[in-house]
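1. curious how this folds, go ahead:
(chains A and B)
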Amino acid sequence: MKKTNGKAIEFEHVDKWFGAFQALKKINLSVEEGEIVVICGPSGSGKSTLIRCINGLEPYTSGQVKVFDSLDLNQQKGKVGMVFQHFYLFPHLSVLENLTLAPLRSLKLSKQAAKDLAMHFLERVKIDDQADKYPAQLSGGQQQRVAIARSLCMMPRIMLFDEPTSALDPEMINEVLDVMVELAQEGMTMICVTHEMGFAKKVADRVVFMDEGEVIEIATPENLFNSPKHKRTKAFLNKILAH
Amino acid sequence: MTFQVVKPILSALLQIIILLLGIAWLLDSGAQAMGYSWQWQRIPDYIFFYEEGQWWSAELIDGLLVTLKISALSLIATLLIGLITALLRVSDSIIGRILARSYIELIRNTPLLVQIYLLYFVFGPVIGLDRFSTAILALAIFQGAYTAEIFRAGLNSIDTGQFEAAKSLGLSTYFTYKDVILPQVLQRTLPPLTNEVVSLIKNSSIVSVMAIFDLTTEGRNIVAETAMPFEIWFTVAAIYLLLTLSLSALSAWLEHKLGTQWRAH
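-> This next block holds a predicted model:
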């Protein structure tokens, strides 16, 4: 039950300037509902800026970004979940409270309903036995899974991942990727900025290669990794696949 | 074995006792040279007295209660003013930032006593405030400027990721501050905030110039009646000290309680 053919996200001629520095150059990209898109590219290429334009964390300078045909990104809040490199769990709240806060405040759920919802997603990321701990008491991998569950509690239609495994110790990367693969297989629309090429090959419908604020190449994982068309893509892949 | 543990304690106690005896001797000989006669036995009468089969609080306790009331009320106002000013200072509104900045600079660069006189003699009568409210307002406006800077430092110390996570979860600005940001700010700023509360209590003694019967005013009145300044001012100082030290202890306990569960180890 993948691909419902509705447009989830549309970038049209999007430019983003930070002062005199152009972070995004004429971005055109559209993502279908249920599609898994992986964005890769060297650091400073504008990957994070691109996905931060989708949920309004970064206002773009010109062009337009539509999410489910709406230009009002504020209206989409909570419908577009985001997972950050450094988790950004709320350190003063327990794991359970981290998950129930937004449903209680934004969805106005009852306490019991919010708790049930939270426990459901904690079970899904296999961390329900840690519900009463504080984030600082968990490992990095566990914290990132809590962060994913926290986003899911808002019933998002799109999930954005901004280098979700880059801050993790190597042995914890897979537990986070497993959760993401599961999510992808359930049909969630996902945009992932990541360097995990294994993950891209496994679930991505398309891989976007960016460099210096531009989308250089968009292709299926097989095509992009095995026969990249652009020389900048080749150079990048040679660098990250060298070992 | 026991002696090894007890020895340093005993030696410390001995040193303290010698020091205190030395100070007492110095004071006493000075007082005698001035012809001053100590009347410590009269002090308890100014704390509690017994009449008609009942204990009554005397002047010093009444004064302490007024000091506590003024301090507590102006503390609430201080925190409100400080928080609002800090939020204005970090806000997007240029007018808000200018207002907050001017308020802080104005208050921090003029003496408290002058501010109190201005409020008491000029603004208070103009807007029809009574003495007590004027005192609370004066203290809160003064202390609020310093507290605002503490809150601002606290706000700036919060990772922008916390704001972004809250925003991506669809939390409104109100709930972002109430549930996510301010609890963390409070925990981080508790030690400097305690300093502010302590200095608020100490500064409350300045309202005695407005004929408010706080601890300091009561002390001055008793001295005027009894001519025993040494005993009374020592007692007044001890009461202030007791108050502020217990407050510091409370804050240390609170900081521990607020932080140990969740602070990164």
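2. just the strands in the stretch 51-200 of chain B please.
-> Chain-ordered strands for the stretch 51-200 of chain B, with DSSP state E, counting those that start in this stretch as the definition, fall at B:54-57.
3. in it, which residue sits nearest chain A?
-> Going by CB to the nearest CB, chain A is nearest to B:Gly170 of the stretch 51-200 of chain B, at 2.8 Å. Yep, even glycine has a C-beta here, placed from its N, CA and C like the rest.
4. how about the nearest residue to that residue, chain neighbours excluded?
-> A:Gly78 (2.8 Å; CB to CB, 6 or more residues apart in numbering or on different chains).
5. what sits against that neighbour?
-> With CB atoms under 8 Å, 6 or more residues apart in numbering or on different chains as the criterion, the residues that contact A:Gly78 are A:Ala102, A:Ser106, A:Leu107, A:Met154, A:Met155, A:Pro156, B:Ser168, B:Leu169, B:Gly170.
6. and what of B:Thr173?
-> Not one residue lies near B:Thr173 by CB under 8 Å, 6+ apart.
7. re earlier: show the buried residues in the contacts of A:Gly78.
-> Neighbour-count burial (16 or more other CB atoms under 10 Å in any protein chain shown) is assigned, among the contacts of A:Gly78, to A:Ala102, A:Ser106, A:Met154, A:Pro156, B:Ser168, B:Leu169, B:Gly170.
8. where does the stretch 151-265 of chain B dip in pLDDT?
-> Within the stretch 151-265 of chain B, the stretches falling below the threshold (pLDDT under 70) are B:259-265.
9. now for the helix or strand of chain A with the lowest mean pLDDT, which elements pack on it?
-> One helix or strand of chain A scores below all others by mean pLDDT, DSSP states H and E: helix A:231-240, with a mean of 90. In terms of contacts (3 or more CB pairs under 8 Å, 6 or more residues apart in numbering or on different chains; DSSP states H and E), helix A:231-240 is packed against strand A:206-211, strand A:214-219.
10. try 10 Å
-> Helices and strands touching helix A:231-240, by 3 or more CB pairs under 10 Å, 6 or more residues apart in numbering or on different chains; DSSP states H and E, are strand A:36-40, strand A:206-211, strand A:214-219, helix A:221-226.
11. quick one, what contacts the residue nearest to B:Thr217 when sequence neighbours are not counted?
-> Once its chain neighbours are removed from consideration, B:Thr217 has its nearest residue in B:Ser208; the separation is 4.0 Å (CB to CB, 6+ apart). Each residue near B:Ser208 by CB atoms under 10 Å, 6 or more residues apart in numbering or on different chains is listed here: B:Gly63, B:Val66, B:Thr67, B:Ala135, B:Asp214, B:Leu215, B:Thr216, B:Thr217, B:Glu218, B:Gly219, B:Arg220, B:Asn221.
12. among those residues, name the buried ones.
-> A residue is treated as buried here by neighbour count (16+ other CB under 10 Å); on that basis the buried members of the contacts of B:Ser208 are B:Gly63, B:Val66, B:Thr67, B:Ala135, B:Asp214, B:Leu215, B:Thr216, B:Thr217, B:Glu218, B:Gly219, B:Arg220.
13. for stretch A:178-198, list every residue counted as buried.
-> A:179-181, A:183-184, A:188-197.
14. then stretch B:171-178?
-> When neighbours are counted by 16+ other CB under 10 Å, the buried residues of stretch B:171-178 are found to be B:Leu171, B:Phe175, B:Thr176, B:Tyr177.
15. what segments of the stretch 1-150 of chain B are helices?
-> Per DSSP state H, counting those that start in this stretch, the stretch 1-150 of chain B carries helices over the ranges B:2-33, B:59-89, B:94-108, B:112-117, B:124-127, B:131-156.
16. go on, chain A?
-> Shown for chain A, the helices assigned by DSSP state H span residues A:47-52, A:95-105, A:111-124, A:140-152, A:170-185, A:197-203, A:221-226, A:231-240.
17. can you tell me which of the ones you listed is nearest to B:Ala249?
-> Between B:Ala249 and the helices of chain A, the shortest gap by CB to CB is with helix A:95-105, which sits at 29.2 Å.
18. run the contact check for that closest one versus chain B.
-> Yes. With CB under 10 Å from any CB of the partner chain as the criterion, chain B is reached by helix A:95-105 at A:Glu97, A:Asn98, A:Leu99, A:Leu101, A:Ala102, A:Pro103, A:Leu104, A:Arg105.
19. surely the fifth one touches A:Cys153?
-> The reference is to A:Ala102. Yes. Under the contact definition of CB atoms under 10 Å, A:Ala102 touches A:Cys153, with a separation of 6.5 Å.
20. nearest spatial neighbour of B:Ser168, skipping sequence neighbours?
-> Computed as CB to CB, 6+ apart, the closest residue to B:Ser168 that is not its neighbour in sequence is A:Met82, at 4.0 Å.
21. no, scratch that, I was asking about B:Leu99
-> Distance criterion CB to CB, 6+ apart; nearest residue to B:Leu99, sequence neighbours excluded, is B:Leu88 at 6.3 Å.
22. for burial, what's the neighbour tally of that neighbour?
-> B:Leu88 has 19 neighbouring residues, counting by other CB atoms under 10 Å in any protein chain shown.
23. next up, the contacts around it.
-> B:Leu88 is in contact with B:Ile95, B:Gly96, B:Arg97, B:Ile98, B:Leu99, B:Ala100, B:Arg101, B:Tyr103, B:Ala148, B:Arg152, counting by CB under 10 Å, 6+ apart.
24. in CSV: the helices of chain A, plus distance to B:Gly144.
-> Written out in CSV, the entries for the helices of chain A read as follows (distance: least, CB to CB, whole Å):
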stretch, distance to B:Gly144
helix A:47-52, 36
helix A:95-105, 29
helix A:111-124, 36
helix A:140-152, 36
helix A:170-185, 46
helix A:197-203, 52
helix A:221-226, 59
helix A:231-240, 54
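25. separation between whichever residue of chain A sits closest to chain B and A:Ser70?
-> Of the residues in chain A, the one nearest chain B is A:Gly78, at a distance of 2.8 Å by CB to the nearest CB. When distance is defined by CB to CB, to the nearest Å, A:Gly78 is 14 Å away from A:Ser70.
26. over to B:Ile47?
-> For B:Ile47, the distance to A:Ser70 (CB to CB) stands at 71 Å.
27. for B:Arg42, same thing?
-> For B:Arg42, the distance to A:Ser70 under the criterion CB to CB works out to 80 Å.
28. could you report the neighbour count for A:Lys47?
-> Neighbours of A:Lys47 under the rule other CB under 10 Å: 27.
29. show me what contacts it?
-> Residues in contact with A:Lys47, defined by CB under 10 Å, 6+ apart, are A:24, A:38-41, A:162-163, A:191-195, A:208-211, A:213.
30. shaky segments in chain A?
-> Segments of chain A classed as low confidence (criterion: pLDDT under 70) are A:1-5, A:76-77, A:242-243.
31. try 90
-> Low-confidence segments of chain A, defined by pLDDT under 90, are located at A:1-6, A:44, A:69-79, A:195, A:238-243.
32. and stretch B:95-112, which residues are buried?
-> For stretch B:95-112, the buried set under the neighbour-count rule, 16+ other CB under 10 Å, comprises B:Gly96, B:Ala100, B:Tyr103, B:Ile104, B:Ile107, B:Leu112.
33. how about the first one, nearest residue that isn't a chain neighbour?
-> When the adjacent residues along the chain are set aside, B:Gly96 lies closest to B:Leu88, with 4.0 Å between them (CB to CB, 6+ apart).
34. what does the stretch 51-200 of chain B have sitting close to chain A?
-> Contact residues (CB under 10 Å from any CB) of the stretch 51-200 of chain B with chain A: B:159-172, B:174-176, B:178-181, B:183-184, B:186-187.
35. so which of those residues belong to helices?
-> Using DSSP H, the subset of these located in helices is B:160-168, B:174-175, B:183-184, B:186-187.
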